[in-house]
Structures are given as C-alpha cells and as structure tokens.
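>>> sequence below, structure please.
(2 chains)
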Amino acid sequence: MIGIIDYGVGNIKAFANIYNKLNIPYKIVNKIEDFNEVSKLILPGVGSFDHAMESLQNSGMREKLDELVLEKKLPIIGICVGMQMLAKSSEEGSLKGLNWINGVVKKFDKSKINNGPLPHMGWNTLNIKKENQIFNNLEKDPRFYFLHSYYFECNNTEDLIATATYGEEFKCMINHENIYGIQCHPEKSHHNGIQLLKNFGEL
Amino acid sequence: MLSSRIIPCLLVHNKGLVKTVNFKDSKYVGDPINAVKIFNEKESDELMVLDIDATVEKRDPDYKMIENLAIECRMPLCYGGGIKTVEQATKIFNLGVEKIALSSAAIENPELIANIAKEVGNQSVVVVIDVKKKMFGGYDIYTHNGRKKTKLNLEFFIKELQTLGVGEIVINSIDNDGVMKGYDLNLIEKVWPLVNVPLTVIGGVGSLEDIKIIINKFGIIGCAVGSFFVFKGKYKAVLITYITKLQKSKIFEN
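The predicted model follows:
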C-alpha cells in the first residue's frame, strides 16, 4: 500500500483522488503508527523549503522515514518541494535537507533564463535521459505542469533521469536506488501525470 | 519548451456559474462541478474560479464548494473571492487548491501578499487587478466587481506587488469583459515591461485568433478566457468547451 505522507504541507488530496480513480490502495499517514502496511511512500511538498523541513521535523515522522527509506529501502517519491527536500541544502533556506540524494537546491539564474519570469509556471516537456520503469507507457515528449523557482542540482550524473528546459536545461527528475524526486506536478498533469503515478504504484 | 497557458476563467454567483459583460448582466452558464469535469476531459492547462459574491457580501469563501472543486479538478486550480486573511488562504490551500487569488484584500492590505507567501510560497499567490480605461488615457484600478474605483496608480501597484513577493499577476479588463472582440493590446503593452513574474491577461477573447495574436506578440503569457469557452455562436448559446489539441498546436505555431 502507498503511504501519502501528510505533514501539513502539500496537496495530499490530489494524490488520493488519483489513486482512488486508479483503484490503487493508499493511505494517508500522519503519525508513526500509520506506517504499518505501507510499502512505498509519497512525499509531497509546496511552499518554502524551510517551512517544509520544519513541518516534517515537527510531525515526529522524520526518524521513522530515515529508517524506512535508508534501511528498509522502501520506494519513495518526493514531489516539487518534496524533491528539493531530498537534497543536502537549499539556497532558499537555512535548514538542512534530508540529504538522501547527493545534491543541493539552487535558484534559477535570471541571466541564464533570458530574464524570463519566475516562478517557472506552466506546461513544459520532460526530456527523458535514462530509461526507468517510472516512465513506462508515457507518451513521447510528455508534458507536465511546473510551478517553481528553485531546482535540484544533483552531483552524481547517474542519478539524473529527466531534465526540462527553461532558458537553460535543468534537472527535473532524479532517482537513486529506491528514492525518486520529481520537480513538476504529476498530480496536476492530466494523463501523463496519472500514468507516472500509476507506474510508481506498480514499482 | 514552456508554452503559454490557456486558462478557462469561471465566475461563481449564487452558487452557479455566470458570465458577465463589462462586469454586469450576468448570465447563468451552468454548474461549477460539471464545468470542472468538462475541463478535465478536455485537459485544460489550468482553471481559474472566481467567486464574485464573497467580497461584495462580506462573507467567507465557500469552503465546501472550493473543496468539491478541488477534489474534482485534475489540473492546477486557482481560486479567488473573499480571501482576506492568511488563515483563510492556508485553509483553501489545504483543500487542494494550487493558487490563491487576491484582489480587493491585496489593495486594502498589501502586506497580506507577503504574509500568505510565507505560508504557502510565493508561487501560489496570485493578484487579480481589475482595470478600466480612464476618460483621457491610462487605467484605473477597481474592486467589488467594478463598482469601487481606487486611487491606486497601476504601474506603481504592479511594482509594489512584486516587491511583496506575488507569484503571478492577472490583469482583467473591465472594458473588454464579455465583449469577445480581442484582448486590450494597449493595456498588455503597458503592463508587460513592468512584470517579472508570470503575467496572465483576461477580457475580450472571441476567437482563437485573439489568443494567437498576443502569444505571437508577447511570447509566454497566460491567456485567460471567459465567454469564448462558455458560449457558442452569434446568439450565445451556452456550451462549455475548451480548445482541441490541434487548435492549440495551431495557436502555438508561428
């Protein structure tokens, strides 16, 4: 069963709705006891990096998550700020990240995006860099919804599985062992997003 | 590549959807949930829902309705109407809404933008500015569905919003609302150089060409659409629709 982590940050309901429609079992977890029966995890996140990290810390689930992800190797996907939380740190805040995937979170450099507006908002193409089960049955050049000003700069190129281009090419999907991160919003990306969440459910 | 967003904008009045002309003469066009289902099917880029009663009636946002919309909505949802406090904004956000639109509250209390952004992130705070042409050039900003004129200067206000951390600015032309003869290009030209966050414009679309004109001229821009997605034909029969994939690719080709 998929556990959608509810630490007070992020659009829990959007994921629940999709898994309801797909008939894939899930539960919303907001305390340690809820993790029984859970075999994979979704870490949503929106808002600022520090607010998200602080909320996760205050939820009392942080240590349990470290154990489930790093020792028991449960598949997990961090989404939007949830992806950024996988990093060591972020230019947006001063708190430490989870440090589950080697990298840091950076802000788009205005000069490299032709002074384009920030946040990067709207539908953009996912450039798939590495084959992965999570991309099964996605259409060619799939479009996803983005809404962010910061992105995950991973240090090991082998962890990179997809990029997108906003002025410059940036890393928007990563995978290291059981841990996935995606910057865009599959829960709001129509059929491609639903397919990706289905694939995660079937990993 | 990032593409311009084409966004249906729905107005809620007496719990139903309406469409106005110059912010007046509202005509009933259907049920909100049904409309969301249609836009799910058509895979619209985003959806904007504005409750035009809440501020005027000095009441809270209708949380139950918002929740029902958010549960149904499979694309990013922007809700506006009656939001005056950080608590209300956070509550709406937690119902599953991606973006919170402020209008009169941002004018009366601009600090609210920064305070909401602190909770939900800058990217989710939208300000909708309703503007009307002045008699002798320039634009005035209005609130309360075009009934209250403010003394704000448009350029100054747009700059202030960005200093406070707004994530998107929506410019709504009262003059062109429901007229279906194209966006106010002079207005967009005036605002465009002032904006460093995503800009969305609304008011006036009557054809696909109207959308194409501004995308060709300005590049990446949010194109919100009211009447054109709810009426069909000369007699304005109600038919909720969106553009097809083919139409979209024609709009985006140069």
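
>>> mind listing the residues bridging to A:L43?
With beta bridges defined as DSSP bridges, A:L43 has these partners: A:G78.

>>> could you pull out the strands for the chain?
Just going to use chain A. Assigned by DSSP state E, the strands in chain A fall at A:2-5, A:26-29, A:40-43, A:76-79, A:89-90, A:103-107, A:120-125, A:127-128, A:143-148, A:150-154, A:160-166, A:168-176, A:179-182.

>>> chain B, not that one
Going by DSSP E, chain B shows strands at B:6-13, B:16-21, B:24-30, B:47-51, B:77-80, B:99-102, B:125-133, B:139-143, B:148-149, B:168-173, B:199-202, B:222-225, B:231-232, B:237-238.

>>> flag every residue of chain B that's near chain A.
Neighbours of chain A within chain B, by CB under 8 Å from any CB of the partner chain: B:1-5, B:40, B:43, B:45-46, B:70-71, B:74-76, B:93-96, B:98, B:118-124, B:167-168, B:195-199, B:220, B:222. In this view, the C-beta of every residue, glycine as well, is placed from N, C-alpha and C.

>>> buried among the residues you listed? Need that as a selection in ChimeraX.
If you want just the buried ones from the residues of chain B next to chain A in ChimeraX, going by 16 or more other CB atoms under 10 Å in any protein chain shown, the selection is:
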select /B:2,3,4,5,43,45,46,70,71,74,75,76,93,94,95,96,98,119,120,121,122,123,124,167,168,195,196,197,198,199,220,222
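
>>> any idea how far apart the tips of stretch B:155-171 sit?
Counting by CA to CA, to the nearest Å, you get 12 Å between the two ends of stretch B:155-171.

>>> what lies in contact with it?
With contacts defined as CB atoms under 8 Å, 6 or more residues apart in numbering or on different chains, stretch B:155-171 is touched by A:119, A:121, B:48, B:99, B:101, B:106-107, B:110-111, B:113-114, B:117, B:121-129, B:131, B:141, B:187-188, B:190-191, B:194-202, B:222, B:224.

>>> pull the contacting residues for A:I77.
Neighbour list for A:I77: A:41-43, A:180-182, A:200 [criterion: CB under 8 Å, 6+ apart].

>>> now those residues in JSON lines, with neighbour count?
Conversion of those to JSON lines gives the following (neighbours: other CB atoms under 10 Å in any protein chain shown):
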{"residue": "A:L41", "neighbour count": "22"}
{"residue": "A:I42", "neighbour count": "29"}
{"residue": "A:L43", "neighbour count": "29"}
{"residue": "A:Y180", "neighbour count": "27"}
{"residue": "A:G181", "neighbour count": "29"}
{"residue": "A:I182", "neighbour count": "27"}
{"residue": "A:F200", "neighbour count": "23"}
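
>>> which two from those end up farthest apart in space?
Using CB to CB, those span at most 13.7 Å, a distance reached by A:L41 and A:I182.

>>> buried residues in stretch A:47-61, which are they?
Residues of stretch A:47-61 classed as buried by neighbour count (16+ other CB under 10 Å): A:47-49, A:51-54, A:56, A:59, A:61.

>>> mind listing residues that contact that stretch?
The contact list for stretch A:47-61, computed with CB under 8 Å, 6+ apart, reads A:5, A:7-10, A:29-32, A:35, A:45-46, A:62, A:65, A:81-82, A:84-85, A:90, A:92-97, A:105, A:150, B:118-121, B:124.

>>> and it, how far out from the chain middle?
Distance of stretch A:47-61 from its chain centroid, counting by CA atoms, centre = their mean, to the nearest Å, is 15 Å.

>>> pLDDT of that stretch, averaged?
Stretch A:47-61 shows a mean pLDDT of 93 in the predicted model.

>>> same question, stretch B:214-231
97.

>>> one more: stretch B:172-181?
Averaged over stretch B:172-181, pLDDT sits at 98.

>>> hey, C-alpha coordinates of it in CSV?
The C-alpha trace of stretch B:172-181 is given here as CSV (Å, rounded to 0.1, in the frame of the first residue of the first chain):
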residue,chain,number,x,y,z
ASN,B,172,-8.6,41.8,-16.0
SER,B,173,-10.0,44.4,-18.4
ILE,B,174,-13.5,45.6,-17.4
ASP,B,175,-13.9,47.4,-20.7
ASN,B,176,-13.3,44.2,-22.7
ASP,B,177,-15.1,41.7,-20.4
GLY,B,178,-17.6,39.6,-22.3
VAL,B,179,-17.2,41.8,-25.4
MET,B,180,-15.4,39.0,-27.4
LYS,B,181,-13.5,41.3,-29.7
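
>>> if you count neighbours, what's buried in it?
Neighbour-count burial for stretch B:172-181 [16+ other CB under 10 Å]: B:172-180.

>>> touching it from outside, list them.
Outside stretch B:172-181, the residues that touch it by CB under 8 Å, 6+ apart are B:19-23, B:25, B:128-133, B:142, B:146, B:182-184, B:187, B:201-207, B:210, B:226-228, B:231.
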